[in-house]
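Novice: quick one, fold the following:
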Amino acid sequence: MNTFSKKETKDYSDDELFSRVKNPKGLDKKRLTEIIDELEKRGHIEQVTNIENDLIRQYPIYSKFWNRVGAYLLDIIVLGAFGYILGLFLGDSFVQMGGQSLLVGFIISLIYFGLGNSKLFNGQTLGKRVVKLQVVDTNMDTLTISKSVLRALIYTVPYFFLNYKLAGWSEFSIPYLAKGILFLTFLILLPIHLILNTPTRQAIHDLIMGTYVISLEAYPRQQLAKSRSFPTLMTYGLAIVIFGLIIFMNLRNNETTGIVHQLKPIKEQIDKIDKVGYSSLIRSTSSMKKLGSDSYINKNEYMTLNIVLQNNLISNLRPDNIQDMDFVKEAVRIILDNYSGLDNLDYIQINLIYGYDIGISKSSKSLGFTDTIENWRGKVK
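Specialist: Next comes the predicted model:
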């Protein structure tokens, strides 16, 4: 390659020039252009065009879908490893933060992707560096730090705030459910659709910011095409609205809506108990039918109460010990006093959980105990 670059392009034979065009790796864009111009000047226009078309198919400028997915998975592994190490030293602090601990992972991810995809690191996070991808703008330049951070915000916000607990919003509320539907649709459906189907392989954050993910192994004479985002965005914008309306109508018409409204105030009372970080209350049915028949072998109606603890109370605890804990008894008493559907329940299951979730890493320990309604009544007297 170095020997080739020492001579003027015009001093090489046609065969030598064609050999270099067919294998352009190692040539910078300027040198490759000189070779192609020289071959075209010598009258080989059709041959050069055919070679270019073959090279474009073989080495496309835009990242292939699975290469991009691979880069993202590698980045998730890197972030997960960093989060795990942080948890070894700061795990108890994350537990005390409760749902707000997601902000830790959010900030770390924003810094990682925001700086990694910027010109500071040549438009490459560690994952992109491994699979030889790069983030660039419409001029094929790497991004400024501010633009890269804004781009990262577009996909980190939905990921972390999908399960973020908003002050004053119950997990049973329509706004809370709508938030989940919107973020989940935005996070999963739109990026996958756009990477797979747009000519430029751009995800939603690329379309908004005018960026591209390109392959560093691409045929270097290619130019970026103008993205066509409007039809795709309109289609999926409509999909979000329709999906949201379907879920909303199902919630309005579902027979379990009354149960949800009953559970909300019960959960709110349990959340105020000392030692309880926060809780979730779920009314469920488990059943098993006979093979080839509509009759049930077994069918159980039950309530599950998950209590996320403020402190580690379960390290040396046995499942049977749960029923003797005062705050557990108080929580069960609230259920027994306030839930009108007790006669339909076969048992209540209590799960104690101690752990944290910072988005990029999580850790938890859990212990459960189940008993009948009658037995619980005797224990909480």
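Novice: from residue 54, how far off is the most centrally placed residue in the chain?
Specialist: For the chain, the residue nearest the mean C-alpha position is residue 159 (4.6 Å; CA atoms, centre = their mean). Distance, residue 159 to residue 54, using CB to CB, to the nearest Å: 39 Å. Every residue, glycine included, has its C-beta placed from N, CA and C.
Novice: how about residue 337?
Specialist: Counting by CB to CB - residue 337 and residue 54 are separated by 76 Å.
Novice: where along the stretch 51-200 of the chain do the helices fall?
Specialist: 65-97, 102-116, 126-131, 145-161, 174-184, 190-197 (DSSP state H, counting those that start in this stretch).
Novice: how is this structure partitioned into domains?
Specialist: Segmentation of the chain into domains, based on automatic domain parsing, reads 2-58, 65-252, 257-379.
Novice: any weak-confidence spans in this structure?
Specialist: 1-6, 166-182, 184-185, 189-190, 229-236, 238-239, 242-260, 288-298 (pLDDT under 70).
Novice: now the strands for it?
Specialist: In the chain, the segments counted as strands under DSSP state E are 133-137, 211-215, 276-289, 296-309, 347-357, 362-372.
Novice: let me have those in JSON lines, extended by mean neighbour count.
Specialist: Output for the strands of the chain, formatted as JSON lines (neighbours: other CB atoms under 10 Å):
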{"stretch": "strand 133-137", "mean neighbour count": "22"}
{"stretch": "strand 211-215", "mean neighbour count": "22"}
{"stretch": "strand 276-289", "mean neighbour count": "15"}
{"stretch": "strand 296-309", "mean neighbour count": "17"}
{"stretch": "strand 347-357", "mean neighbour count": "20"}
{"stretch": "strand 362-372", "mean neighbour count": "15"}
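Novice: Throw those into TSV and include distance to residue 34, thanks.
Specialist: Below are the strands of the chain laid out as TSV (distance: least, CB to CB, whole Å):
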stretch	distance to residue 34
strand 133-137	23
strand 211-215	22
strand 276-289	66
strand 296-309	66
strand 347-357	56
strand 362-372	55
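Novice: any idea which of those strands gets closest to residue 150?
Specialist: Among the strands of the chain, strand 211-215 comes nearest to residue 150, with 10.0 Å by CB to CB.
Novice: number of nearby residues for the nearest residue to residue 269 once chain neighbours are set aside?
Specialist: In this structure, residue 269 finds its nearest non-sequential neighbour in residue 334, 5.0 Å apart by CB to CB, 6 or more residues apart in numbering. Around residue 334 there are 21 other residues, counting by other CB atoms under 10 Å.
Novice: now do the contacts for residue 334.
Specialist: 266, 269-270 (CB atoms under 8 Å, 6 or more residues apart in numbering).
Novice: out of those residues, which comes closest to residue 206?
Specialist: Distances from residue 206 to the contacts of residue 334, taken by CB to CB, are shortest for residue 270, at 44.4 Å.
Novice: residue 331 is in contact with the closest one, correct?
Specialist: Yes: if you go by CB atoms under 8 Å, residue 270 and residue 331 touch, sitting 4.8 Å apart.
Novice: surely residue 198 touches residue 228?
Specialist: Yes: with contact defined as CB under 8 Å, residue 198 reaches residue 228; the gap is 6.9 Å.
Novice: who has more neighbours out of the two?
Specialist: Set side by side, residue 198 and residue 228 show more neighbours around residue 198, with 19 against 12, by other CB under 10 Å.
Novice: and that one, backbone torsions?
Specialist: phi -80, psi 150 (degrees, to the nearest 10).
Novice: list the contacts of the nearest residue to residue 71 once chain neighbours are set aside.
Specialist: In space, and not counting its chain neighbours, residue 71 is closest to residue 127: 3.8 Å by CB to CB, 6+ apart. For residue 127, the contacting residues are 70-75, 78, by CB under 8 Å, 6+ apart.
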